[in-house]
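Asker: Quick one: sequence plus predicted model below, questions after.
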Amino acid sequence: MVDFAKNFLIVVAVYILCHGVTALVVTPVQNLFFSDITVFASLIYLPHGVRVLATWLSGWKALFSLFTGAFLSELLFTPAQIFKFTEPVILWSIAVGAMSAYVSFVIMKFFGRDLYAGRDRAMNWKWLLVVGAIASVFNSVGQIFVFSGLIVPDDLFAVLATYAIGDLVGLYVSMLVLMMVFRWIRLFADTK
Amino acid sequence: MSDISKLTELRKLMLDMERSVGLQDLSSAERDIYYAATELSEAHGGVTTSYLLKHVLVADVSRPTFFRALKSLVSRGYLIQAQETGRGQYLVKSLD
């Protein structure tokens, strides 16, 4: 129970941090170059990395922390006027995002590839990108359904593509950042 | 899965990623031995411990450091111990 609570808090905190960086840094920069794609999607959506890695490590148990992290992130970073008019659908949107990685792992397992941490000794990190890509497709399509009344049909493809690209690039970037963090910790420890 | 196991899995994954993006670490002694082994291997088709020890890049490396680095290079797959000729002979794994 203590382990679950600890993992829960870590995932929630990392999710909020990644969402914050996306909302406060990535999206404003994105809007300078690609204004008006949508208020819902980001081209580098870092929390997708948290979704995939947390689910990879904890399986279905990660759903609770991912949902909570996403909910708190929306509460903290989504502008009040957007949050207000999307409030009824925002919970569905969060649920779809939180489930996306889990659904992707289930699909991979169905096709004979159990990719959860510790199951495959020779795990290649690129498999997590595959999982992330499937999760991002699930998430994109899910978000289109969730926001179907709010997205202008003309924007549909742009939103779908933005979600898919944003999730995948976000996963890759977050894994790269994590890799650098691990590397710096190791190099720092070696020099001491 | 315990916290330590999760951290281990995460670390393994990140090391795999480091290798893929060409960031795997070699100490300076390991790097020099690998360079020397590559050169000797190109000239002779293989490399022996005694030739390595005489190589100019390895001359300043102390014996204990040399053998530690050699062992590390073998365990990390940079050098492969030759099966036919026994101990002291290595093949260099190309990084290309």
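Answerer: Yep, that arrived.

Asker: distance of the residue of chain B found nearest chain A from B:Ser2?
Answerer: Distances between chain B and chain A by Cβ to the nearest Cβ are smallest at B:Glu9, namely 4.0 Å. All C-beta spots, glycine's among them, are computed from the backbone N, C-alpha and C. Remark: distance between B:Glu9 and B:Ser2 (Cβ to Cβ, to the nearest Å) = 11 Å.

Asker: So the two - more neighbours on which side?
Answerer: The neighbour comparison of B:Glu9 against B:Ser2 (other Cβ atoms under 10 Å in any protein chain shown) goes to B:Glu9, with 18 against 8.

Asker: quick one: the host helix or strand of A:Gly170 to chain centroid distance?
Answerer: Assigned by DSSP states H and E, A:Gly170 belongs to helix A:156-191. Distance, stretch centre to chain centre, for helix A:156-191: 10 Å (Cα atoms, centre = their mean, to the nearest Å).

Asker: so does it get close to chain B?
Answerer: Yes. Helix A:156-191 reaches chain B (Cβ under 8 Å from any Cβ of the partner chain) through A:Met175, A:Leu176, A:Leu178, A:Met179, A:Phe182, A:Arg183, A:Arg186, A:Leu187.

Asker: which bits of chain B sit near chain A?
Answerer: Residues of chain B lying near chain A (Cβ under 8 Å from any Cβ): B:1-3, B:5-6, B:9-18, B:20-21, B:23, B:25.

Asker: Would you mind writing the ChimeraX command to select the buried ones in the residues you listed?
Answerer: The following ChimeraX line selects those of the residues of chain B next to chain A that are buried, judged by 16 or more other Cβ atoms under 10 Å in any protein chain shown:
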select /B:6,9,10,12,13,14,15,16,17,18
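
Asker: related to what we said a few turns ago, pretty sure the residue of chain B closest to chain A is touching A:Ala117, no?
Answerer: Yes. With contacts counted by Cβ atoms under 8 Å, B:Glu9 reaches A:Ala117, the gap being 4.0 Å.

Asker: Report the set of residues contacting both of these two.
Answerer: A:Leu57, A:Met123, B:Met1 (Cβ atoms under 8 Å, 6 or more residues apart in numbering or on different chains).

Asker: can you list the weak-confidence ranges in chain B?
Answerer: Where chain B drops to pLDDT under 70, the residues are B:22-25, B:84-87, B:95-96.

Asker: run the last query once more with 50
Answerer: Within chain B, no range satisfies pLDDT under 50.

Asker: who's in contact with the one residue in chain A that gets nearest to chain B?
Answerer: Residue nearest to chain B within chain A (Cβ to the nearest Cβ): A:Ala117, separated by 4.0 Å. Shown in contact with A:Ala117 (Cβ under 8 Å, 6+ apart): A:Trp56, A:Leu57, A:Met123, B:Met1, B:Ser5, B:Lys6, B:Glu9, B:Leu10, B:Leu13.

Asker: secondary structure class for it?
Answerer: What DSSP: H, G, I helix; E, B strand; the rest coil gives for A:Ala117 is coil.
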